[in-house]
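[1] Predicted structure and sequence below. I'll ask about it afterward.
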Amino acid sequence: MDLADFIEANLEALIDDWVEYAMVLNQGKHRLTAVELRNSGAELLTRVAANMRQAQTPLQQRQKSHGAKREQDSAFDTVSMLHADDRLSQGFGINEVLAEYRALRASVLRRWEHSALAGPQAFQEMIRFNEAIDQGLTESVRQFSERTERIRDLFAGVLAHDLRSPLGVLLNSAEILSRDRNLSPASIRATSYVQRSAVRMKWMIDDLLVFARTRLGSVLPVALSEQDLARICRHAAEEIGALYPEAVIRVECPENLIVRCDPGRIGQLLFNLLSNAARYGAGEIELTAMAEPAGWVWLEVANEGPPIPRRALPTLFDPLTRVSSATGRTGMAAGIGLGLYICRCIATAHQGVIDVRSGEDRTVFTLRMPVAPQAS
């Protein structure tokens, strides 16, 4: 009797072992009944046995160990993915899903080891069984992780959207208060602080919305129109100057540099780059724009200060990536790590590219995009 036959012949006993462990795992946390646990255990073990019986060449075995997919594995993969969906809906964590597979593996191998039915092919049977368990585990973990990430992204999007209304009230109220001539000097300062903080919150919420939209598979929308790039640059510099009064920003942009872009998105990109420079850099911040003869325009934000560590550069534009202050970029752990990811999304939406050069005492971010990107 091979191991696949052994699993089917001892299915009830194997499920008993698994349910006993799963009930301990389930105690006080979830609402899975013993019947539900037995059904899911039976489905997994039956599919494992069926998977083990499929013909497999040494080449296919090697390719499978490297993650290759076979058409005949699709049914087993589907069961593993559905198992992950079910556990997620019941409030299981990823560690508990891993523990279930670990218990399933241990139950089968322990009983198989103690059985007198194990023959000379037992070692190969165990390899094939472990392959099947690992395949199911991989699919369950992948599905669980993807679903969890999607739920988090949806939550981030809903949260950012819902925060816009109360923030709008805050901004409008602060604007009304700032026009009251009867305010004391202390109240005027407090109102100014409220306005600056609310503006900063608005940009953070806008970043969070972009993050959620792009993570959920949507293309970042841009409303392209002809714009004076110098005006956008000056406006971004003024906003940063209001938030960081100590920052010195020098804007160099030729007048009447007309580009086809989304002014709000380009302003958001510049705000993120300039705020990074104001927080982490030193000395004067340079914002430079220039047209190229081939129909392209580039924008640069440069600042002095400690360099970005070389090991951080490959993932600098990834979401939720922040450089630790231990690396020499003090304060880099502040914020939620979305600013540069948003910059990359905006650059891509304008059919452009953004990169960074960081030397011993100077860091330069460069956006290069067409003067007239094609509408998508």
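    On my side now, so go ahead.
[2] Which secondary structure elements does the one helix or strand residue 102 maps to sit against?
    Here residue 102, judged by DSSP states H and E, is contained in helix 94-114. The contact analysis (3 or more Cβ pairs under 8 Å, 6 or more residues apart in numbering; DSSP states H and E) places helix 94-114 against helix 3-9, helix 11-26, helix 34-53, helix 74-89, helix 122-178. For glycine as for every other residue, the C-beta is placed from the backbone atoms N, C-alpha and C.
[3] Kindly state the distance between the middle of it and the middle of its chain.
    31 Å (Cα atoms, centre = their mean, to the nearest Å).
[4] got the helices and strands packed on helix 94-114 as JSON lines, with mean pLDDT columns?
    Rendered in JSON lines, the data for the helices and strands packed on helix 94-114 read as follows (pLDDT from 0 to 100):
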{"stretch": "helix 3-9", "mean pLDDT": "90"}
{"stretch": "helix 11-26", "mean pLDDT": "83"}
{"stretch": "helix 34-53", "mean pLDDT": "87"}
{"stretch": "helix 74-89", "mean pLDDT": "86"}
{"stretch": "helix 122-178", "mean pLDDT": "87"}
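[5] what would those helices look like in TSV with mean neighbour count and distance to residue 352?
    Output for those, formatted as TSV (neighbours: other Cβ atoms under 10 Å; distance: least, Cβ to Cβ, whole Å):
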stretch	mean neighbour count	distance to residue 352
helix 3-9	19	56
helix 11-26	17	50
helix 34-53	18	48
helix 74-89	18	38
helix 122-178	15	25
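[6] Can I get these in a markdown table including distance to residue 62?
    Shown next, in a markdown table, are the helices and strands packed on helix 94-114 (distance: least, Cβ to Cβ, whole Å):
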| stretch | distance to residue 62 |
| --- | --- |
| helix 3-9 | 20 |
| helix 11-26 | 29 |
| helix 34-53 | 17 |
| helix 74-89 | 19 |
| helix 122-178 | 11 |
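[7] that older thread, now do the helix holding residue 102 against helix 122-178, angle only.
    170 degrees (axes from the mean of the first three to the mean of the last three Cα atoms, to 10 degrees).
[8] May I have helix 94-114 as PDB, with CA atoms only?
    The C-alpha coordinates for helix 94-114 follow below in PDB (Å, rounded to 0.1, in the frame of the first residue of the first chain):
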ATOM      1  CA  ILE A  94      -1.400  33.500   8.800                       C
ATOM      2  CA  ASN A  95       0.400  31.700  11.700                       C
ATOM      3  CA  GLU A  96      -2.700  29.600  12.400                       C
ATOM      4  CA  VAL A  97      -3.000  28.600   8.800                       C
ATOM      5  CA  LEU A  98       0.600  27.500   8.800                       C
ATOM      6  CA  ALA A  99       0.000  25.600  12.000                       C
ATOM      7  CA  GLU A 100      -2.900  23.700  10.400                       C
ATOM      8  CA  TYR A 101      -0.700  22.400   7.600                       C
ATOM      9  CA  ARG A 102       2.100  21.600  10.000                       C
ATOM     10  CA  ALA A 103      -0.400  19.500  12.100                       C
ATOM     11  CA  LEU A 104      -1.700  17.800   9.000                       C
ATOM     12  CA  ARG A 105       1.800  16.900   7.800                       C
ATOM     13  CA  ALA A 106       2.800  15.600  11.300                       C
ATOM     14  CA  SER A 107      -0.400  13.500  11.700                       C
ATOM     15  CA  VAL A 108       0.100  11.700   8.300                       C
ATOM     16  CA  LEU A 109       3.800  11.100   8.700                       C
ATOM     17  CA  ARG A 110       3.600   9.900  12.300                       C
ATOM     18  CA  ARG A 111       0.900   7.300  11.500                       C
ATOM     19  CA  TRP A 112       2.700   6.300   8.300                       C
ATOM     20  CA  GLU A 113       6.000   5.800  10.200                       C
ATOM     21  CA  HIS A 114       4.300   3.500  12.800                       C
END
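[9] Please work out which residues outside it touch it.
    If you take Cβ atoms under 8 Å, 6 or more residues apart in numbering as the criterion, helix 94-114 is touched by 3, 6-7, 10, 13-14, 17-18, 21-22, 25, 41, 44-45, 83-84, 87, 118, 122, 125-126, 129-130, 133, 136-137, 140-141, 144-145, 148.
[10] so where's the longest strand in this protein?
    Secondary structure assigned by DSSP state E gives strand 282-292 as the longest strand of the chain.
[11] helices or strands up against it?
    Judged by 3+ Cβ pairs under 8 Å, 6+ apart, strand 282-292 is in contact with helix 229-243, strand 249-252, helix 263-280, strand 296-304.
[12] element containing the residue nearest in space to the middle of the chain?
    The residue lying closest to the centre of the chain (Cα atoms, centre = their mean) is residue 319, at 5.5 Å. For residue 319, there is no host helix or strand (DSSP H and E).
[13] Now do the helix holding residue 102 against helix 74-89, angle only.
    130 degrees.
[14] Give the buried residues for helix 94-114.
    Neighbour-count burial for helix 94-114 flags 96, 97, 99, 100, 101, 103, 104, 105, 107, 108, 112 (criterion: 16 or more other Cβ atoms under 10 Å).
[15] okay if I get those as JSON lines plus pLDDT and distance to residue 213?
    Listed next are the buried residues of helix 94-114 as JSON lines, based on pLDDT from 0 to 100; distance: Cβ to Cβ, whole Å:
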{"residue": "96", "pLDDT": "85", "distance to residue 213": "31"}
{"residue": "97", "pLDDT": "88", "distance to residue 213": "29"}
{"residue": "99", "pLDDT": "87", "distance to residue 213": "35"}
{"residue": "100", "pLDDT": "87", "distance to residue 213": "35"}
{"residue": "101", "pLDDT": "90", "distance to residue 213": "35"}
{"residue": "103", "pLDDT": "87", "distance to residue 213": "40"}
{"residue": "104", "pLDDT": "89", "distance to residue 213": "39"}
{"residue": "105", "pLDDT": "90", "distance to residue 213": "40"}
{"residue": "107", "pLDDT": "88", "distance to residue 213": "45"}
{"residue": "108", "pLDDT": "90", "distance to residue 213": "45"}
{"residue": "112", "pLDDT": "85", "distance to residue 213": "50"}
